[in-house]
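S.K.: Give the three-dimensional model of this entry:
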Amino acid sequence: MPFKKQNPLSPKKLLLTKWTATHPTHKRKHFLVSKVILPELPEQAIEYVELEAVFDQQTQIIRWRELGNAEIWLQGWV
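M.R.: Numbering: from 1, shown residues only. Next comes the predicted model:
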């Protein structure tokens with residue numbers, strides 16, 4: 001079966017998407033993009049998103065491009 005390439009990520013479409021950490025910590029494995037953080041100046045590119053852990057609602061802010069790293073994040077809840 002041929003390898004299916006993942007669709008490219010777009011920061012504007014990440015809101016409420018689901019992610020699984022490949023190396024969970026403190027039982028935090030499943031996450032939801034709870035906020036796309038808009039830059040101060042509208043002409044600047046979006047750089048950050050806020051992830052919320054499903055387990056305990058703990059939030060963290062990361063660069064949205066990190067979600068494309070399959071060694072850290074898998075798209076969906078696996």
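
S.K.: what's the helix or strand for residue 33?
M.R.: strand 28-37 (DSSP states H and E).

S.K.: helix/strand/coil for the residue nearest the centre of the chain?
M.R.: Per Cα atoms, centre = their mean, the C-alpha nearest to the average position across the chain is that of residue 67, at 4.7 Å. With DSSP: H, G, I helix; E, B strand; the rest coil as the basis, residue 67 sits in helix.

S.K.: bridging residues for the closest residue to it other than its chain neighbours?
M.R.: Once flanking residues are discounted, residue 67 sits nearest to residue 73: 4.9 Å by Cβ to Cβ, 6 or more residues apart in numbering. Yep, even glycine has a C-beta here, placed from its N, CA and C like the rest. Under the criterion DSSP bridges, residue 73 forms beta bridges with residue 21.

S.K.: List the residues that contact residue 73.
M.R.: 19, 20, 21, 22, 66, 67 (Cβ atoms under 8 Å, 6 or more residues apart in numbering).

S.K.: who's in contact with residue 21?
M.R.: Residue 21 makes contact with 28, 29, 30, 31, 72, 73, according to Cβ under 8 Å, 6+ apart.

S.K.: try residue 34
M.R.: By Cβ under 8 Å, 6+ apart, the contact set of residue 34 is 16, 50, 51, 52, 59.

S.K.: Try it again at 10 Å.
M.R.: 15, 16, 49, 50, 51, 52, 53, 57, 59 (Cβ atoms under 10 Å, 6 or more residues apart in numbering).

S.K.: Name the next helix or strand downstream of the helix or strand harbouring residue 50, please.
M.R.: Using DSSP H and E, residue 50 sits within strand 48-53. Proceeding N to C from strand 48-53, the next assigned helix or strand is strand 59-63, under DSSP H and E.

S.K.: Show me the contact partners of that next one.
M.R.: In contact with strand 59-63 (Cβ under 10 Å, 6+ apart) are residues 11, 28, 31-35, 37, 46-53, 72-73.

S.K.: what pLDDT, on average, does it get?
M.R.: The average of the pLDDT scores along strand 59-63 is 98.
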